[in-house]
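>>> this one's sequence-less:
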């Protein structure tokens, strides 16, 4: 799973940093900082919460894993 950020939409509200503090933070200018664009599986629930809670819909998740049985 990969995190995708539309920085043109992001307003630095920080809701993602509240919902997924292991993945997101804001710098001193309220710019979004992503700790890991390809988080480990144990952080996927945090990433999903952050995507759902973003008021500007600036976050999305992409599944880069090949489907089971598909060639890699």
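Cool, the structure landed. Remember, it's a predicted structure, so these values are computed and weren't measured experimentally.

>>> and the residue nearest to residue 37 when sequence neighbours are not counted, what is it in contact with?
Residue nearest to residue 37 in three dimensions, not counting chain neighbours: residue 3, with 5.0 Å by Cβ to Cβ, 6 or more residues apart in numbering. Every residue, glycine included, has its C-beta placed from N, CA and C. Taking Cβ atoms under 8 Å, 6 or more residues apart in numbering, we find residue 3 in contact with 23, 34, 36, 37, 38, 39, 47, 59, 60, 61.

>>> Name the nearest residue to the fifth one, sequence neighbours excluded.
To tie it back to what came earlier, the one meant is residue 38. Nearest to residue 38 is residue 2, by Cβ to Cβ, 6+ apart, at 5.2 Å.

>>> So the one you found is in contact with residue 37, correct?
Yes - contact status for residue 2 versus residue 37: in contact at 5.8 Å, counting by Cβ atoms under 8 Å.

>>> re earlier: where does the residue nearest to residue 38 fall, phi/psi-wise?
phi -130, psi 140 (degrees, to the nearest 10).

>>> circling back to that earlier point, quick check: phi and psi at the residue nearest to residue 37.
Dihedral angles (degrees, to the nearest 10) for residue 3: phi -90, psi 130.

>>> can you give me the helices in this protein?
Assigned by DSSP state H, the helices in the chain fall at 15-19, 44-53.

>>> which residue is nearest the centroid of this structure?
Residue closest to the average C-alpha location in the chain (Cα atoms, centre = their mean): residue 3, at 4.3 Å.

>>> List the beta-bridge partners for that residue.
residue 61 (DSSP bridges).

>>> again with residue 26
For residue 26, the residues forming beta bridges with it (DSSP bridges) are residue 32.

>>> Now do it, the pLDDT please.
With respect to pLDDT, residue 26 has a value of 98.

>>> Please apply the same query to residue 37.
Per-residue confidence at residue 37 stands at 98 (pLDDT).

>>> count of neighbours near it?
Per other Cβ atoms under 10 Å, the neighbour tally for residue 37 reads 13.
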